[in-house]
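1. Model the following, please.
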Amino acid sequence: MRKSEKGKYVKWYRLAERAMGDLIPHPRKNSEIFKWVSMEDWLLIPTHAERDMGEAKNRPNPNIYFSVEDDGIDLGLVCNTQDSIRKMRNILHTYHTREREELLSRLKRLDGGFITTVYAKAYPYHPRQSPNYKQVFQTQANEIDDEAIKEIFRHVDMVRKRGRRKKLAENKRWTPVLPVIDIAKTRVNKKDEDFVKRMTQLKPLYETCLEIKTQAQINREMRRERIVVRICPKCGIQPDSEQRFCSQCGSHLLLEVVSRQEFENMKNRRRIR
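-> Numbering: from 1, shown residues only. Sure thing, here's the model as predicted:
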C-alpha cells in the first residue's frame with residue numbers, strides 16, 4: 001500500500017490510543033503508524049516490545065487488528081499464529097482456573113455485536129501468499145462457556161490435522177492449511193464514539209489473553225512448585241498428616257515429592273484422605 005492509502009489508519013489508531021491507554025504504543029509521529037499497516041489493508045496494533053511488522057505478526061500472543069473500509073471497520077482480537085493458539089489452549093488447563101473464569105467473565109461483558117470464529121487459513125501456492133480464509137465454526141462471543149471453548153479447539157484440531165495430511169499428500173515444505181481463532185470480532189460504523197466503545201470493550205479481554213502462560217512457563221513453574229506428601233500404599237495421599245502410619249488401615253506411610261499440579265490432580269480425583 002502507498003503511504004497515502006495508509007494515512008486513513010492514523011485517525012483510528014489515535015482513537016485506539018484513547019481506548020487502550022498505556023497498553024499500546026503512542027507514536028509521536030503519524031508516519032510511525034504506517035509500518036503497522038499490512039499490504040492486505042489492515043492494521044495490527046503492536047506491543048511496546050515490537051519493532052516491526054514481522055515481529056508483530058509472529059508474536060506468541062493474540063493481537064488486535066482493524067481494517068478500515070468504505071462502509072465500516074472490522075475490528076477484532078485474534079490468535080493468528082500457532083504459538084498464540086497453543087498459548088490460548090492453556091486457558092483450558094486446570095492451572096489456569098482463574099484466567100479461564102476471568103476470560104469467560106470478560107467475554108460475557110461484550111455486547112451482542114461480537115462473535116467468536118474459527119477459520120481454516122489456506123496457503124495453497126506459497127507460504128507468503130495472501131491466505132484464503134474459510135469459516136469452520138462461529139458462536140456469539142458473550143455466550144461462550146467451557147463447552148464452547150472445547151468445541152472451538154475441536155475445530156482447531158480438525159483444521160490442523162487437515163493441514164498436516166495435505167502437506168504430506170502434496171509433498172509441500174509448508175503446512176498449507178492452518179487454524180485461526182477470532183476470539184472476539186465485530187464490525188463498527190465509522191463513527192468515533194462507536195469505534196472507541198468497541199475498542200474499550202476489547203481492552204480487558206486483551207489484557208487477560210496476554211497474561212495466559214505458555215506451556216513451557218507452566219512446566220517451569222510446576223517444577224519449581226514441588227511439595228512433600230505422605231502416601232498410604234492402600235488409601236492414597238495424606239498431605240496434612242504428621243503420622244507415620246495410616247489412620248485408616250495402619251499401613252506405614254511413604255514420603256514422596258510431587259508437583260503442585262500433581263497434588264491438585266490427586267485432590268480432584270478425591271484421593272486425599
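2. contacts and neighbour counts: CA atoms only from here.
-> OK.
3. Report the contact partners of the nearest residue to Ala122 once chain neighbours are set aside.
-> Nearest residue to Ala122, sequence neighbours excluded (Cα to Cα, 6 or more residues apart in numbering): Val177, at 4.4 Å. Contact partners of Val177, counting by Cα atoms under 8 Å, 6 or more residues apart in numbering, are Ala120, Lys121, Ala122, Tyr123, Pro124, Val159, Arg160, Arg162, Gly163, Arg164, Lys166.
4. element containing the closest residue to Lys197 other than its chain neighbours, please.
-> Of all residues not flanking Lys197 in the chain, Ala19 sits nearest, at 7.6 Å (Cα to Cα, 6+ apart). Taking DSSP states H and E as the criterion, the element that holds Ala19 is helix 8-20.
5. Domain ranges for the protein, per the record?
-> Domain segmentation of the chain under automatic domain parsing yields 3-219, 225-268.
6. Name the residues of the helix or strand where Gln201 lies that are buried.
-> Assessed by DSSP H and E, Gln201 sits inside helix 192-211. Residues of helix 192-211 classed as buried by neighbour count (16 or more other Cα atoms under 10 Å): 195-196, 198-206, 209-210.
7. Which other helices and strands does it contact?
-> Counting contacts by 3 or more Cα pairs under 8 Å, 6 or more residues apart in numbering; DSSP states H and E, helix 192-211 packs against helix 8-20, strand 72-79, helix 97-108, strand 177-188.
8. So for Thr116, which of those sits nearest?
-> For the helices and strands packed on helix 192-211, the distance to Thr116 is smallest for strand 177-188, at 4.9 Å, taking Cα to Cα.
9. Could you list the paired strands of that closest one along with their orientation?
-> Within its sheet, strand 177-188 is paired with strand 72-79 (antiparallel), strand 115-122 (antiparallel), according to DSSP bridges.
10. what angle do the helix holding Gln201 and helix 8-20 make?
-> 70 degrees (axes from the mean of the first three to the mean of the last three Cα atoms, to 10 degrees).
11. tilt between helix 192-211 and helix 97-108?
-> Using the same axes, to 10 degrees: helix 192-211 against helix 97-108 is 170 degrees.
12. Alpha carbons of helix 192-211, as PDB, please.
-> Provided in PDB are the C-alpha atoms of helix 192-211 (Å, rounded to 0.1, in the frame of the first residue of the first chain):
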ATOM      1  CA  ASP A 192     -15.500   7.900  16.600                       C
ATOM      2  CA  GLU A 193     -17.700   7.100  19.600                       C
ATOM      3  CA  ASP A 194     -18.700   3.600  18.200                       C
ATOM      4  CA  PHE A 195     -15.100   2.700  17.500                       C
ATOM      5  CA  VAL A 196     -13.800   3.800  20.900                       C
ATOM      6  CA  LYS A 197     -16.700   2.000  22.600                       C
ATOM      7  CA  ARG A 198     -15.900  -1.300  20.900                       C
ATOM      8  CA  MET A 199     -12.100  -1.000  21.400                       C
ATOM      9  CA  THR A 200     -12.700  -0.200  25.100                       C
ATOM     10  CA  GLN A 201     -14.600  -3.400  25.400                       C
ATOM     11  CA  LEU A 202     -11.700  -5.400  24.000                       C
ATOM     12  CA  LYS A 203      -9.100  -3.900  26.300                       C
ATOM     13  CA  PRO A 204      -9.800  -6.100  29.400                       C
ATOM     14  CA  LEU A 205     -10.100  -9.200  27.300                       C
ATOM     15  CA  TYR A 206      -6.800  -8.400  25.600                       C
ATOM     16  CA  GLU A 207      -5.100  -7.900  29.000                       C
ATOM     17  CA  THR A 208      -6.400 -11.300  30.200                       C
ATOM     18  CA  CYS A 209      -5.100 -13.000  27.000                       C
ATOM     19  CA  LEU A 210      -1.700 -11.500  27.400                       C
ATOM     20  CA  GLU A 211      -1.500 -13.000  31.000                       C
END
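13. Which positions within the one helix or strand Leu168 maps to qualify as buried?
-> For Leu168, the element it lies in under DSSP H and E is helix 146-169. Buried residues in helix 146-169, counted by 16+ other Cα under 10 Å: Ala148, Ile152, Phe153, His155, Val156, Val159, Arg160, Arg162, Gly163, Arg164, Lys166, Lys167.
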